[in-house]
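> The amino acid sequence is not available; the structure is as follows:
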């Protein structure tokens, strides 16, 4: 009962007045309960938001334990470097400059070994160059009298900062030395500016460099010794996974279209949309390739592994993914071909797509095992003969008995509109085959440059390889241009 | 003559021996000249490389004077902040901590105002939070005796650094507060670690914060007052330009196919490949949108301008660009349709593509003028009727007199293969039309949320707008999902 008469618990507070009347104490109570509820609502929303956030973070941690490991590594490196403060002998060595070691660790420690190395080298070079230049400018300024000293220092800071900032816009420098240029500006400004006050400039520079060296070496050691995450391996796996996703998407799309399965499971839908990852992975690939070249030999990758070839493979994968997107859209369009036509095409299209995806999967195996495949050329040949079969099927369309099953229809008129979706899908499939061959060429380029192992039967292989290389195909021009040297 | 007898200038050095014989001094001379030439070659290559680099930099500067301006601004901000060192009264105020002001300027000054503001706010919040927390932890550590002090400090550094590092992996935090999290780790480590040595911790924190505030405000003022580069305007223009490029590419592709112009000029080729920019602009768009929301009112954009709508438009542009890529490839393929079929289709396809590109250009005008267009709905209708015409043309293909022009061919058999490229191109064009409508919807969403001005004839507009919104089309699912709320 009480619960039904909300708010305020259904109770009424009455004040009996001296004159016999009574006053119900309602409004205050109601407003109080309103506040209460608003506060509770706010609190509940806040708690649920925090809870959602924690759950998301937990899921992230479970999905990628390497990232959790990275966090622990950062904590460890910082604890290590802060030992310099707590241990008398170490502290006396570098003094208050130990701050720079802490700063170096925080700023330089990145997720992958390559990124950490890249930043360490950048920081070291930038600091050294700027320090040397700063000392030089400071010496010149000192020689030119007290009046000109601040002017020369100011002008040099202005000019060098502007020049170094400009260099950061140049793509080739931005890719490799962006951080170094920033550190250069920072150190140069600090040295030339504090040189005006601090007398012991050389000592300062020496301490600065040695503390940075300490911080950097702690970072490098921690990131390389405990569960290292190599940018190179990440790139290698990314490309391999993307290739597999593309193959699965292709299979999924075509099967989905021809099998007329009305109720798609969420899983199969997810597989079908795997190609979307490929469309969006360009930036990741580029930054990984950029970091990978700083990394020393690890796993099967030497220093100087041709990482740039992975970018070419990535580009050819993307150019294939565009067509899968187009195929997916044309398959999902309203226009559907009549069933008898679908049946006629179905086996050829499914054969073609499964051949193409088999080639992609084989290429993924080539990459993951770093072994040249002896089957791949045969598979490409088979794929090409499947293209021929599909073309023949199109040619024979009006001669074959299928036509006779629809004698009631005015054949020539009806079909041209009806076959539009099928023809589109087929010619997109053929384009996908051409792109798959480009992927094979790109993988071949990698296999040659990285000197992948050869499978047992070497001799048949050699001649086939030659063939793949000399086969010419129109396709993604970019990939082709970069492949011309192969 | 001498020149012909290289190396060594053709001169022979002979030594006449006492016994009358003579010895030619050749090998040493040759090797010397070899060194000379190698050195010269090296020098020449070095000079030409430097020269090429300078030329590239010069071209970059000429092409984008705003970037040069940015460099001068960085130089100016640094000169301004270094005045703190040179002016006694200022220096006495903040002391040696002026270093932090210099550091702030170098690290925080970015190309766009939004990025600078984002970093400033991140730095301020990160420093403040970490400073407060650091002082708290330091106080607790002090209370717990000399033995536990370093343990508590170390443990807190380890835990908070790990937690803050982990938060940088969470996408929503990475997008907005990545830099802040890094500064948090940095400041917390420095405060809790140096607290063990430096006695005047409060004073340190106060100086640190005030110098960062000085550096940050110099950055913000410089970047906002002198030739500001707004991330918002950049994003706005990028989307507008991409739309125009897409329209030009579409026109170029179709015209190129049907006009049979064998000698393409380089210019037209460049225009045709404009869509490739659209394919690769996702990362740029996202970072610009991310920075734009930090920016105050500028130009026609208020604080709280719906920048996220631009990302939706960008996504719909990209999904259209995939089809232009497919169209481009199918147009460049070996298979060509016979001329009589091409002529039959040509006017419909060219009409359709020019309608679609006109719609895109009109949408670009809508964006650039921030004014809703009164023509756009009519144009979309016209585009859709062009689709209908193309479909009718396909249907009528076998009935029309065109068929009679090829009576010598066995019509039904020959054409199905022959029309493949045409049918593919046409159905890709129709998909492009559907995507163009999606772009129109996305632009409409922006126009509604950003309250674009309405052109004079408001009434006819309203009803038409309603129509565009309610029209349903299958298309890019992502764009559709985000548009459902419109």
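Looks like it came in fine. If you're wondering where the values come from, they're calculated on a predicted model, not measured in any experiment. Residues are numbered from 1 along each chain as shown, chains lettered A, B, ... in the order given.

> And residue A:301, its phi and psi?
phi -100, psi 120 (degrees, to the nearest 10).

> List, one by one, the residues from the stretch 201-350 of chain A near chain B.
A:279-280, A:282-283, A:319, A:322-323, A:325-326, A:329-330, A:332-334 (C-beta under 8 Å from any C-beta of the partner chain). Glycine gets a C-beta too; all of them are placed from N, C-alpha and C.

> Can you select the buried ones from these in ChimeraX?
The ChimeraX command for the buried members of those (criterion: 16 or more other C-beta atoms under 10 Å in any protein chain shown) is given here:
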select /A:279,282,319,322,323,325,326,329,330,333
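
> Next, give me the two most distant ones among the residues of the stretch 201-350 of chain A next to chain B.
With C-beta to C-beta as the measure, no two of those lie farther apart than A:283 and A:334, at 35.0 Å.

> check whether the lengthiest helix in chain A contacts chain B.
Criterion DSSP state H: the longest helix present in chain A is helix A:27-63. Yes - for helix A:27-63, a contact with chain B is found by C-beta under 8 Å from any C-beta, at A:53, A:56, A:57, A:60, A:61.

> can I assume the third one is in contact with residue B:168?
No - in this structure, residue A:57 sits apart from residue B:168 without contact. The criterion is C-beta atoms under 8 Å, and the distance is 11.4 Å.

> the more surrounded of those two?
residue B:168 (21 against 17; other C-beta atoms under 10 Å in any protein chain shown).

> re the thing from before, of the residues of helix A:27-63 next to chain B, which is the most crowded?
Neighbour tally across the residues of helix A:27-63 next to chain B (other C-beta under 10 Å): the maximum, 17 neighbours, falls on residue A:57.

> Name the nearest residue to that residue, ignoring sequence neighbours.
In space, residue A:57 comes closest to residue B:170 once its chain neighbours are excluded; the distance is 6.0 Å by C-beta to C-beta, 6 or more residues apart in numbering or on different chains.

> which residues touch that neighbour?
Going by C-beta atoms under 8 Å, 6 or more residues apart in numbering or on different chains, residue B:170 touches A:53, A:56, A:57, A:60.

> what's the angle from the helix or strand that residue A:189 is a member of to helix B:27-63?
Taking DSSP states H and E as the definition, residue A:189 sits inside helix A:171-194. On the basis of axes from the mean of the first three to the mean of the last three C-alpha atoms, to 10 degrees, helix A:171-194 is oriented at 90 degrees to helix B:27-63.

> who does the helix or strand that helix A:171-194 is followed by touch, helix- and strand-wise?
Using DSSP H and E, the next helix or strand after helix A:171-194 towards the C-terminus is helix A:201-225. With contacts taken as 3 or more C-beta pairs under 8 Å, 6 or more residues apart in numbering or on different chains; DSSP states H and E, helix A:201-225 sits against helix A:65-86, helix A:88-94, helix A:98-108, helix A:113-143, helix A:171-194.

> what's the average pLDDT for the first one?
Spelled out, that is helix A:65-86. Across helix A:65-86, pLDDT averages out at 86.

> Does chain B have contacts with that helix?
Yes - Helix A:65-86 comes into contact with chain B (C-beta under 8 Å from any C-beta), by way of A:67-68, A:70-72, A:74-76, A:78-79, A:82, A:85-86.
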